[in-house]
Structure formats: structure tokens, C-alpha cells
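> Model the structure of this input:
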Amino acid sequence: MKKISQSRVFLLLLLPVIMLWSCQTKDYNALVNKDIEEFRAYFSERFPDVELDDFADGVYAINENAREQWLAMEDFPPYSIAVEEGQALFEKSFSNGKTYKDCFPEGGAVRHNYPYFDEQRNMVVTLEMAINECREANGEKKLEYKKGDIAKISSYMAYISRGEPVEVKVASEGAYEAYLKGKEFFYAKRGQLNMSCAGCHMRYSGRRLRSEVISPALGHPVHFPVFRLKWGEIGTLHRRYAGCNRNIGAKPLAIQGEEYRNLEFFQTVMSNGMHFNGPASRK
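You can find the predicted model right below:
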């Protein structure tokens, strides 16, 4: 049997340490910056007259007629009642006497801190998840994730966080893996129509689908929650994800499940450098 030299044995033993060191020292934010640049360049070329922050207005950034109607509606925005009710819920005491303020600093103006990757739990945490975890920590039942009180509370927190910059960090191997899963979901085709998020909101952005103009994907997460005229109420981003899945004939996934949280993480990373401006109104 051929003998292995001592130097080769040493290298084999050292290999796991080298690989671990490589993972620990890798600059994951640098890896995603190329994606951000390419993603942004696509929309800059497609809509050269639209400024980066204006993409936060969705379809109203690329369609002048729709924008004029929307701006008129913003004089008395339909989400204003949800914001007021959300404030009352945010300030209401739990049964133990505490409030959401005991969970969230800065009086709740923390929308810009979400989503983030929790290193201890190895998972993406969204604002709506944090709201429910606050409730459970104070002996209260979880709220439904799609609409209702949680959307109202999230709307109030988004409203008082307006103007804060999007700065999602991808600073670890776990965060990068979650980012890549979200990216894969965004570009993967699914459903009876064999469509992807990118297919609609990149390739067909700005085109008409029946009577509606398809919005560009850049900036999608920064204006949620939204009051949709179709819904007649305020709703969360993950409710919209589920609706998109149904529209293409795909089975909606669990609201606030890993897939949708990773998707939100990826999309928000793509919005880095923009500013949060939710809640918003949409058709």
C-alpha cells in the first residue's frame, strides 16, 4: 500500500480549518453587491427616466396616468384609518401591563431593521413575525399574518419609519444561504403558467396584463403593507406573495414560512439604498 507523506497528512487535517476560515472571512455583502448592481442596471435601462427612490412607488413610477390618479388619492389615502387603528393597537396594554413599546425601541419606528437574519436561530425574521413574537412573549395569542390587526400594527410602524434607508446586511454564511434561497425562488418558474416572479416583474414590467400595467420588481417590499382596492383593506407583503402564486396557478405557501421570508429577504436586499415609504395604496 502506498504510504501517504506526513506533509500530505498535515494538509488533509488542515483542510477543514482552511475551509472554515474561508467561510468566516468571506465578504458576503460583496458577493451580493454584483447582484444588486445587475438588478438595478436592468431597471435603469428599461426605465431610464425613473430615479432609484421613485421605484418605491411601484407602477405609479412608470405610468404617468396611473400616477396622477394615485397622487389625487393620496390627499386622503385609504390606508390612513389602518394607521390610526394600528397606533391604538400598538399603544394598547397587554394583559401583563406591557405594550409593543417594550419589545420595539424608538417607539416602534423600526421598520428599517427588518427583515434581518437572526444568527442564533439561523433564520430570517420579518417585522410581522417580530410583532407576533412580541405578543407571545407577553402571554398573548398570535395574530393572523395576512391581514387584520397585524397589518394595521405593521402599517403604523411603517408609517412612523418613513424615510429610513434600506440597509439589509448579508454578513454570514447562513444569511447568504437564505439570500440565495430567496433569489432562487424569485427566478424559478412555477405553477400552471410556468411563470416566475422575475418573469412578471422584470421581463414584462411596464407591459399591460388585461387592463393593468405590471409593476417593476425593484422596490416592491419598501411600500408594504398596502391597502389594495381589490382587497378593500390593508394587507401584508406575504398576502401579496400568496396571491401572486395563485394567479399563476401555483399552490400558495405558508404565510411567514421560510420560502416567503427568504424571498422578502432577497427582494429587500435588492432594494438597498432606497428608502421605506409604506404603507401605500394600490389597485
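
> Residue ranges in the stretch 51-200 of the chain under the pLDDT threshold?
Scanning the stretch 51-200 of the chain for pLDDT under 70 picks out no residues.

> Break down this structure into its strands, ranges please.
Using DSSP state E, the strands assigned to the chain run over residues 116-118, 123-125, 208-209, 212-213, 226-228, 233-235, 280-282.

> and Tyr100, how many residues sit next to it?
By other C-beta atoms under 10 Å, 22 other residues sit near Tyr100. Just so you know, the C-beta spots here come from the backbone N, C-alpha and C atoms, and that holds for glycine as well.

> gap between it and Ala30?
36 Å (C-beta to C-beta, to the nearest Å).

> And for Gly139?
43 Å.

> try Ser211
For Ser211, the distance to Ala30 - C-beta to C-beta - is 43 Å.

> re the thing from before, could you dump the strands of the chain into JSON lines and include distance to Leu193 and mean neighbour count?
Formatted as JSON lines, the strands of the chain follow (distance: least, C-beta to C-beta, whole Å; neighbours: other C-beta atoms under 10 Å):
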{"stretch": "strand 116-118", "distance to Leu193": "32", "mean neighbour count": "18"}
{"stretch": "strand 123-125", "distance to Leu193": "27", "mean neighbour count": "21"}
{"stretch": "strand 208-209", "distance to Leu193": "11", "mean neighbour count": "10"}
{"stretch": "strand 212-213", "distance to Leu193": "16", "mean neighbour count": "16"}
{"stretch": "strand 226-228", "distance to Leu193": "21", "mean neighbour count": "22"}
{"stretch": "strand 233-235", "distance to Leu193": "23", "mean neighbour count": "24"}
{"stretch": "strand 280-282", "distance to Leu193": "22", "mean neighbour count": "21"}
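
> Ok, which of these comes nearest Glu184?
Nearest of the strands of the chain to Glu184, taken as C-beta to C-beta: strand 123-125 at 14.2 Å.

> For stretch 89-98, measure first residue to last.
Stretch 89-98 has an end-to-end distance of 12 Å (C-alpha to C-alpha, to the nearest Å).

> Enumerate the positions of it that are buried.
Using 16 or more other C-beta atoms under 10 Å as the test for burial, stretch 89-98 gives 89-90, 94.

> hang on, Glu144 packs against Ile153?
No: Glu144 lies out of contact with Ile153 (C-beta atoms under 8 Å); the separation is 12.0 Å.

> the more surrounded of these two?
Using other C-beta under 10 Å as the criterion, Glu144 and Ile153 rank with Ile153 on top: 29 against 14.

> quick one: the more buried one from Glu184, how far?
For Ile153 relative to Glu184 (C-beta to C-beta), the value is 31 Å.

> re the thing from before, Ser211 and Ala30: which has the busier surroundings?
Ala30 (9 against 6).

> What's the per-residue pLDDT of that one here?
On the pLDDT scale, Ala30 is placed at 81.

> before we move on, back to that, Glu259 is nearest to which of the strands of the chain?
Short answer: strand 123-125, nearest of the strands of the chain by C-beta to C-beta, at 10.4 Å.

> which residues sit against that closest one?
Strand 123-125 is contacted from outside by 114-118, 178, 182, 258, 261-262, 264-265, using C-beta atoms under 8 Å, 6 or more residues apart in numbering.

> ok, now stretch 202-217?
Outside stretch 202-217, the residues that reach it (C-beta under 8 Å, 6+ apart) are 42-43, 46-47, 55, 58-59, 61-63, 66, 186, 197-198, 200-201, 267, 270, 283.

> Selecting buried members of those in ChimeraX, what would you type?
Per 16+ other C-beta under 10 Å, the buried members of these correspond to this ChimeraX selection:
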select :42,43,47,55,58,59,61,62,63,66,186,197,198,200,201,267,270
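
> So which of the contacts of stretch 202-217 are in helices?
42-43, 46, 66, 186, 197-198, 267, 270 (DSSP state H).
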